[in-house]
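> Structure here, sequence nowhere to be found:
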């Protein structure tokens, strides 16, 4: 426990707090303008061969912003550098998963492989994660909805 931060029991696995990026108003829909932070939990509990990504979205405006496009990409970058550009990076990520946003009500996505939930060459602790729109709605280019760093839960 640090400072006056209240303690809580660990849930295990990893967590990323995703902070929405406020771009120019012309590039955002009204739902995206009203996005709030949300969390993504990663765990390997239910399936020995796949990782679960659980989206914890507490408000309707954020859920709607995630559902606007039929699909979005969950990108886990090779570094954890938050000073990197906020645009969808052209550099090859460590991992990238295309997710069906219409399933966000279920909140849980089974990723197609088991991720290393530790610190290693392939581990995801300390890596930057981005939620990026995928596909073009109203002729918009892909853009980053939000990003955060993966840490212990």
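Everything's here; your move. Given the structure is predicted, the values throughout are model-derived calculations rather than measurements.

> Can you show me the helices along the protein?
For the chain, the helices defined by DSSP state H cover 30-33, 60-67.

> closest one to residue 48 among those?
Among the helices of the chain, helix 60-67 comes nearest to residue 48, with 28.5 Å by C-beta to C-beta. In short, each C-beta sits where N, CA and C put it, glycine included.

> for the closest one, packing partners?
helix 30-33 (3 or more C-beta pairs under 8 Å, 6 or more residues apart in numbering; DSSP states H and E).

> need the contact list for the residue nearest the centre of the chain.
Among the residues of the chain, the one closest to the centroid is residue 131, at 4.5 Å (C-alpha atoms, centre = their mean). Going by C-beta atoms under 8 Å, 6 or more residues apart in numbering, residue 131 touches 18, 66, 72-75, 144-147.

> Nearest to residue 57 among the residues you listed?
Among these, and counting by C-beta to C-beta, the member closest to residue 57 is residue 66, at 6.8 Å.

> Give the closest residue to residue 113 in space, chain neighbours not counted.
residue 50 (6.4 Å; C-beta to C-beta, 6 or more residues apart in numbering).

> Which pair in the contacts of residue 131 has the greatest spatial separation?
66 and 75 (14.7 Å).

> Give me the distance between residue 79 and residue 94.
9 Å (C-beta to C-beta, to the nearest Å).

> Sorry, wrong one. I was asking about residue 114.
Residue 114 is 14 Å from residue 94, by C-beta to C-beta.

> how close does residue 50 get to residue 131?
Taking C-beta to C-beta, one finds residue 50 at 19 Å from residue 131.
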